[in-house]
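K.L.:
After the sequence you'll find the predicted model.
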There are 2 protein chains.
Amino acid sequence: MAETAIQFGILGCAEIARKVARAISLSPNSTLCAIGSRSIEKAERFAANNGFPSSAKIYGNYESVLDDPDVDAVYIPLPTSLHLRWAVLAAEKKKHVLLEKPVALNVAELDRILEACESNGVQFMDGTMWMHHPRTATMRHFLSDTQRFGQLKSAHTCFSFRGDPDFLKNDIRVKPDLDSFGALGDAGWYCIRSILWAADYELPKTVTALHEPTYNEAGVILACGSSLQWEDGKVATFYCSFLANLTMDITAIGTRGSLHLHDFVIPFEETSASFSLSSESGFTELVTGWVPLPSKHVVTTDLPQEACLVREFASLVGSIKEHGSKAEKKWPTISRKTQLVLDAVKASIEKGFEPVEVVS
Amino acid sequence: MAETAIQFGILGCAEIARKVARAISLSPNSTLCAIGSRSIEKAERFAANNGFPSSAKIYGNYESVLDDPDVDAVYIPLPTSLHLRWAVLAAEKKKHVLLEKPVALNVAELDRILEACESNGVQFMDGTMWMHHPRTATMRHFLSDTQRFGQLKSAHTCFSFRGDPDFLKNDIRVKPDLDSFGALGDAGWYCIRSILWAADYELPKTVTALHEPTYNEAGVILACGSSLQWEDGKVATFYCSFLANLTMDITAIGTRGSLHLHDFVIPFEETSASFSLSSESGFTELVTGWVPLPSKHVVTTDLPQEACLVREFASLVGSIKEHGSKAEKKWPTISRKTQLVLDAVKASIEKGFEPVEVVS
């Protein structure tokens, strides 16, 4: 069943766009069609170095990508402060929108983007790659198993990496005018998403940021944490940082089972990924060991997770394009919930670590 | 170099005393000497079932153990509300004190116990077994390595297990008059200790409990969490529960390295235990995998960790007894810091989750 390949344009030459360009090449239902940058030389170099076919269009601005009738969908890895403008314009030009995270400066901005996508009948998806790894679905299956996992009681996630001096001085993620959420919007986005994922997207009732974030001189968050509370007593915590060794954990504890992994954002290896789980864990007589022992599960993947993301996005775009399907609401809904919690964490920090209600 | 075996008496027939009785038998420098229970039949049964030698003394009360001139040291697994009375009396009778955790109802009580031990020249140690596993020293070596681990930035620990209906109804740990700290004093004790251990026993500046603990009908905590904050920006969180699947994690993240283990309180297996660590972790080109991968380390032990505890305690007692050494202050100091943080978490909960200063 051959699908028509979806033609992708990319706005800007961000470092992450190199990975996504490769993913578009690897995915069987997508093609690199166009690249736009404020500098046409930069665009040319990017295309030459990142596997664009000779037929690809090279533009010295972003608008031309959106005006290109061959382009079905755009990947937008621009700084967060530019998302509103370019994602809305893309939707208005009937381009499907694959938007890098954090998706917006706040949920009000995101709502304008999502409204533009909906009213123009285009698919929206954010660039959270790990959601699309087949491991994620396998783990979700365990978390949904009321016998083996039971009800979620607690989750803890963290994502930290140690930015080098150049990163901490020059990266867009430490610039207040470009990515004002700092580590919270970058690493914290993944933490929040993974907690929501573990909670099957049930929004927490309140969010209480942890004392005290670390800021850079410009007031951008370099490290912070938060707790999340649900009506039923579930609690979660996360920690995100640009200042600590690379770590990316999910711990989800249910009444009957537990899940652990240590590479949820970027799997240790590209073609297989593992997690460990335990269920109905108990002790030996005299409490000198565990029965049963936790088990390790390996999930292999034919495509890297970012290519799985592109494949899923392109498949939804293809359904709209070929069959007149409606856009899939699952992805914008998940993005919006993540943004809501992100906003609440920021609000809690600004309110002196008071609990902030998460209002949908 | 043969040491004189230290003669142990045990106060009460708690379930945990079975494990410690075995540990006293296994440790090369200790002997089971006496058992006291309010019921002499219970004491007789306990001695018969737990490897006491035929020479062991069986008493129908606790006082007689303390009055027995053959007894060098006592293990006290009584409910926390009885610790003050019996630990002080033991010290006054010149018995060295191995005290089950949580050591006291508050630090003021603990100080009275510690003063009694100090003024009577007896050794104090609490029953936190995992501290004595050789794995713990190996991990501490990594955490102290400024090149491989760097400075601690964040720690998260959790200890949960699912109490069965009988436990949740009848165990001393859910009774307000016996162990008023509930899950915080039991599972939470380990979490707090492990965070302090990871921070090399530097006390946090403040402690802020997480919203909202779960209580039983009598008002005893069944699940709760807290964050801890240090002057230098370090943060830690923990979660403890009687209501979730058995889980016992330490995650410690430094500037240059990370440590993970999932069985810190009770190793999965008795004779060997592992942990994983990563150092200077980074990504492959295009961020599609990790370089280097984390490494797993296995530490074997000739004795189970609880026998290592007894061996260490008995060795300190032996030095005092044979050579007139002073009691080792390290252990009471660590117990006291743990109790200080425990008290602060409880105070924060009682103050509506406000930050509480930890004052030494």
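P.N.:
It's in.
K.L.:
residue ranges for the helices of the stretch 51-200 of chain A, please.
P.N.:
For the stretch 51-200 of chain A, the helices defined by DSSP state H, counting those that start in this stretch occupy A:63-67, A:83-92, A:107-119, A:134-143, A:165-170, A:182-185, A:187-198.
K.L.:
Strands of the stretch 251-360 of chain A, residue ranges please.
P.N.:
For the stretch 251-360 of chain A, the strands defined by DSSP state E, counting those that start in this stretch occupy A:257-261, A:272-279, A:282-283, A:290-291, A:295-300, A:356-357.
K.L.:
and the angle from the longest one to strand A:295-300?
P.N.:
With axes from the mean of the first three to the mean of the last three C-alpha atoms, to 10 degrees applied, the angle from strand A:272-279 to strand A:295-300 works out at 150 degrees.
K.L.:
got the CA coordinates for strand A:272-279 in PDB?
P.N.:
Below are the C-alpha coordinates for strand A:272-279, written out as PDB (Å, rounded to 0.1, in the frame of the first residue of the first chain):
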ATOM      1  CA  SER A 272      16.800  -1.000  20.700                       C
ATOM      2  CA  ALA A 273      15.700   0.400  24.000                       C
ATOM      3  CA  SER A 274      14.800  -1.200  27.300                       C
ATOM      4  CA  PHE A 275      12.900  -0.600  30.500                       C
ATOM      5  CA  SER A 276      12.500  -2.500  33.700                       C
ATOM      6  CA  LEU A 277       9.400  -3.300  35.500                       C
ATOM      7  CA  SER A 278       8.300  -5.100  38.600                       C
ATOM      8  CA  SER A 279       4.900  -6.300  39.600                       C
END
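K.L.:
how many degrees apart are it and helix A:134-143 in direction?
P.N.:
Using the same axes, to 10 degrees, strand A:272-279 lies at 10 degrees relative to helix A:134-143.
K.L.:
now, of the strands of the stretch 251-360 of chain A, which is deepest in the fold?
P.N.:
Of all the strands of the stretch 251-360 of chain A, strand A:257-261 has the most neighbours on average by mean count of other C-beta atoms under 10 Å in any protein chain shown, namely a mean of 25. Yep, even glycine has a C-beta here, placed from its N, CA and C like the rest.
K.L.:
Who are the packing partners of it?
P.N.:
helix A:134-143, strand A:243-254, strand A:272-279, strand B:243-254 (3 or more C-beta pairs under 8 Å, 6 or more residues apart in numbering or on different chains; DSSP states H and E).
K.L.:
Same list, the strands of the stretch 251-360 of chain A, but as a markdown table with mean pLDDT please.
P.N.:
Compiled in a markdown table, the strands of the stretch 251-360 of chain A are given as follows (pLDDT from 0 to 100):
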| stretch | mean pLDDT |
| --- | --- |
| strand A:257-261 | 98 |
| strand A:272-279 | 97 |
| strand A:282-283 | 96 |
| strand A:290-291 | 96 |
| strand A:295-300 | 98 |
| strand A:356-357 | 98 |
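K.L.:
can you redo these as TSV with distance to residue B:121?
P.N.:
Below are the strands of the stretch 251-360 of chain A laid out as TSV (distance: least, C-beta to C-beta, whole Å):
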stretch	distance to residue B:121
strand A:257-261	45
strand A:272-279	46
strand A:282-283	37
strand A:290-291	40
strand A:295-300	51
strand A:356-357	55
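K.L.:
Residue A:106 and chain B: what is the separation?
P.N.:
Distance, residue A:106 to chain B, using C-beta to the nearest C-beta, to the nearest Å: 24 Å.
K.L.:
what's the answer for residue A:313, then?
P.N.:
Using C-beta to the nearest C-beta, one gets 19 Å for the distance from residue A:313 to chain B.
K.L.:
so who does that residue touch?
P.N.:
A:73, A:96, A:98, A:123, A:125 (C-beta atoms under 8 Å, 6 or more residues apart in numbering or on different chains).
K.L.:
The closest residue to the first one other than its chain neighbours: neighbour count?
P.N.:
Looking back up the chat, that one is residue A:73. Spatially, and ignoring its direct neighbours in sequence, residue A:73 is nearest to residue A:96 (3.8 Å; C-beta to C-beta, 6 or more residues apart in numbering or on different chains). Residue A:96 has 28 neighbours, counted by other C-beta atoms under 10 Å in any protein chain shown.
K.L.:
so residue A:96 touches residue A:76, yeah?
P.N.:
No - between residue A:96 and residue A:76 there is no contact under C-beta atoms under 8 Å: 10.9 Å.
K.L.:
in chain A, what spans have low per-residue confidence?
P.N.:
Applying pLDDT under 70 to chain A flags the ranges A:1-3.
K.L.:
quick one: the helix ranked longest in it to helix A:107-119, angle?
P.N.:
With secondary structure taken from DSSP state H, chain A has its longest helix at helix A:330-350. Put simply, helix A:330-350 runs at 170 degrees to helix A:107-119, going by the same axes, to 10 degrees.
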